[in-house]
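Visitor: Got a sequence here, can you build the structure:
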Amino acid sequence: MTGFCWLASYPKSGNTWFRLVAANLAAESGQPVDINNIPESGGIASGRGAFDTTLLVESGLLTHDEADTMRPMLYRGWAEPEDGTFENAMSLASDYVDPERQTRLVKTHDAWTVLPDGTPLMGGATASARAIIIVRDPRDVAASLANHLGVDIDEAIAFMADGNSTFAGGVKGQSSQLRQRLLRWGDFYRSWLDQDDILVHLVRYEDMQADPVAAIGEALAFAGRTTSLDALARAVDNASFERLRTQEDDGVFREAPPGRRFFRQGRSGGWRDELTADQVASIEASQIDMMDRLGYIRIAQDAPPEHKE
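Guide: Numbering: from 1, shown residues only. As a prediction, the model looks like this:
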């Protein structure tokens, strides 16, 4: 299988870790890939560089809505199998150029939405027919997102509960990325899981941590990438949290927010030490439907029933 596969997630859910495992898997040296030297420069579907290069349109001259109307054409262009016109632009958005021309992975934080004419923003099946969806416990996402955005945890929780939340959606200045509609945390995942245009494979961050070779290997197989267990185990080791954090300590990771860590804790369940009871209750109340659907046990479910006299 060639072409590309979406690697979709709400921010701070393990997308970058997955990409770094994939990059280490594709590396020929066997040594850990430099976190600032993955063979790509954009790494995300919303990168302006890939948009401008592929469509020969300066995205900075467009409104957010105008750019959105052109994005399906952008992604369908990347799916052209024989025409090399899009090859260089595609390399700006995918995480590595595979010498065996296997399926590329393209990161996105966009929810699955449709334009006013009914066209999927991501281009539908004529762009990519598959997507790996990475999900993480929203209680852990909240603390990590707060650090990433430079806000307090209450603000991050409110952001996750806001159906109008976006990345790069401001009107002042210009981000290096196009606007990404995130929606509410639960609605982000509902949008991808409930659409019927393309196939999806869901992988939980917690499962990637518990057995990364099995969880990531299954996801890569879904995407059409072939590898050996030994090679994948080496890639996982080369992209271990300890190695990634050491690299970040030795320099500046370009995806990190200014003055703050990107690889912060890299563990599951840290919310129990970082969130107050009220913050946990707020997340669970606003995200109850999707937490239940995805198997994230809420405190209310954990707690023993009250005994009334």
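
Visitor: As a check, name the ranges of all strands in the stretch 1-150 of the chain.
Guide: With DSSP state E, counting those that start in this stretch as the criterion, the stretch 1-150 of the chain has strands at 4-9, 104-108, 130-135.

Visitor: Lowest average pLDDT across these?
Guide: Lowest mean pLDDT of the strands of the stretch 1-150 of the chain: strand 104-108, a mean of 91.

Visitor: That strand versus strand 4-9: what angle between them?
Guide: 30 degrees (axes from the mean of the first three to the mean of the last three C-alpha atoms, to 10 degrees).

Visitor: I'd like to know which of the strands of the stretch 1-150 of the chain lies nearest to residue 44.
Guide: strand 104-108 (4.6 Å; C-beta to C-beta). All C-beta atoms are positioned from the backbone trio N, CA, C, and that covers glycine.

Visitor: between the closest one and strand 130-135, how many degrees?
Guide: Going by the same axes, to 10 degrees, strand 104-108 makes 50 degrees with strand 130-135.

Visitor: and strand 104-108, how far out from the chain's middle?
Guide: Relative to its chain's centre, strand 104-108 lies at 8 Å (C-alpha atoms, centre = their mean, to the nearest Å).

Visitor: That strand - contacts with which helices or strands?
Guide: If you count contacts as 3 or more C-beta pairs under 8 Å, 6 or more residues apart in numbering; DSSP states H and E, strand 104-108 packs onto strand 4-9, helix 15-26.

Visitor: make it 10 Å
Guide: Counting contacts by 3 or more C-beta pairs under 10 Å, 6 or more residues apart in numbering; DSSP states H and E, strand 104-108 packs against strand 4-9, helix 15-26, helix 64-78, helix 87-93, strand 130-135, helix 212-223.

Visitor: Just put the strands of the stretch 1-150 of the chain in CSV and tack on distance to residue 58 and mean neighbour count.
Guide: As requested, the strands of the stretch 1-150 of the chain are exported to CSV (distance: least, C-beta to C-beta, whole Å; neighbours: other C-beta atoms under 10 Å):
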stretch, distance to residue 58, mean neighbour count
strand 4-9, 24, 25
strand 104-108, 22, 25
strand 130-135, 29, 22
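
Visitor: Next up, the contacts around the residue lying closest to residue 195 once chain neighbours are set aside.
Guide: With C-beta to C-beta, 6 or more residues apart in numbering as the criterion, residue 195 has its nearest non-adjacent residue at 4.8 Å, and that residue is residue 112. By C-beta atoms under 10 Å, 6 or more residues apart in numbering, the contact set of residue 112 is 6, 8, 120-122, 124, 131, 133, 181, 183, 188-195, 197-198, 200.
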